[in-house]
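Just the structure for this:
(one chain, ligands or ions: 1)
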Amino acid sequence: MQRTHDEDYDYLYKIVLVGEAGVGKTHLLSRYIKGTLPKNPTSTIGVEFATRTVPLESGGIVKAQIWDTAGQERYRAITCAHYRRAVGALLVYDVTNEKTFASVKRWMEELRENAEPDIVILLVGNKVDLCDRNPDSRKITKEQGARFAMENGLLFEETSAITIVRVKEAFEGLLQAIYNVKSQAGN
Ligand code: GDP
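Numbering: from 1, shown residues only. So this is what the prediction gives:
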């Protein structure tokens, strides 16, 4: 039977977006949820999460509840409510900004301390469009990102929220990976 109603899903997964301010979290979320860019960069303040219902390749329908930080990372104090019951995370850095990559480890540790113990983390190197235009602007190579991910048990993607490169793949690859982990664990 074909299921079309938005509220008809098998699992609800809470996903959090983390990473330094300015790496493109809000733009990635907006692209994925609405296909457009946020009109006003401050528009996420006060908004807790967005949802999208997604049919998985493996079968089954999941509802993703995706939480943006609403600017909390600017103050280095993400509230516990942000992480609570999160089963997946997009940990975003900017491939043209070394500082944002240097802080990835700290974000990863914070996720592992505060979210669900079996959280699936996708490391995302965003803003690859800038490197296509000017290869010198790239500060973190794809190999560096992939190596960090491999060494720390993370998934990895490089994206652009502006030219829409691998945005859908990032979110839906993460959802599929969470589903796989949960199925293996039998819940
Ligand atoms: P957040 O603070 O992590 O939520 O970052 P925002 O989504 O507010 O984006 C910060 C800035 O980076 C904005 O000026 C965006 O236009 C820009 N930005 C976000 N994603 C990309 C991208 O993929 N490519 C480029 N060139 N700029 C981006």
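
Could you check how many residues crowd around the nearest residue to Asp8 once chain neighbours are set aside?
In this structure, Asp8 finds its nearest non-sequential neighbour in Ile61, 6.8 Å apart by CB to CB, 6 or more residues apart in numbering. Bear in mind the C-beta positions are built from the backbone N, C-alpha and C, glycine included. Per other CB atoms under 10 Å, the neighbour tally for Ile61 reads 14.

you'd agree Ile61 is up against Tyr13?
No: look at Ile61 against Tyr13 with CB atoms under 8 Å: they stay out of range, at 11.2 Å.

What's the separation between the spatially most central residue of the chain and Asp8?
Among the residues of the chain, the one closest to the centroid is Leu90, at 2.3 Å (CA atoms, centre = their mean). Separation of Leu90 from Asp8 (CB to CB, to the nearest Å): 25 Å.

List the contacts of Glu116.
Taking CB atoms under 8 Å, 6 or more residues apart in numbering, we find Glu116 in contact with Arg85, Ala86, Val87.

ok, Arg106 to the ligand distance?
Distance from Arg106 to the ligand, counting by CB to the nearest ligand atom, to the nearest Å: 15 Å.

Quick check: next helix or strand after the helix or strand encompassing that residue?
Per DSSP states H and E: Arg106 is located in helix 104-114. Per DSSP H and E, the first helix or strand lying C-terminal to helix 104-114 is strand 120-126.

Quick one: residues in contact with that next one.
For strand 120-126, using CB under 8 Å, 6+ apart, the contacting residues are 19, 23-24, 28, 87-95, 101, 104, 108, 111, 140, 142, 145, 148-149, 153-161, 170, 173-174, 177-178, 181.

And the lengthiest helix in the chain, what does it pack against?
For the chain, the helix that runs over the most residues, judged by DSSP state H, is helix 167-185. Identification of packing neighbours for helix 167-185 by 3 or more CB pairs under 8 Å, 6 or more residues apart in numbering; DSSP states H and E yields strand 11-18, helix 25-34, strand 49-55, strand 61-67, strand 88-94, strand 120-126, strand 155-158.

how far off strand 11-18 does that helix point, in degrees?
Put simply, helix 167-185 runs at 130 degrees to strand 11-18, going by axes from the mean of the first three to the mean of the last three CA atoms, to 10 degrees.
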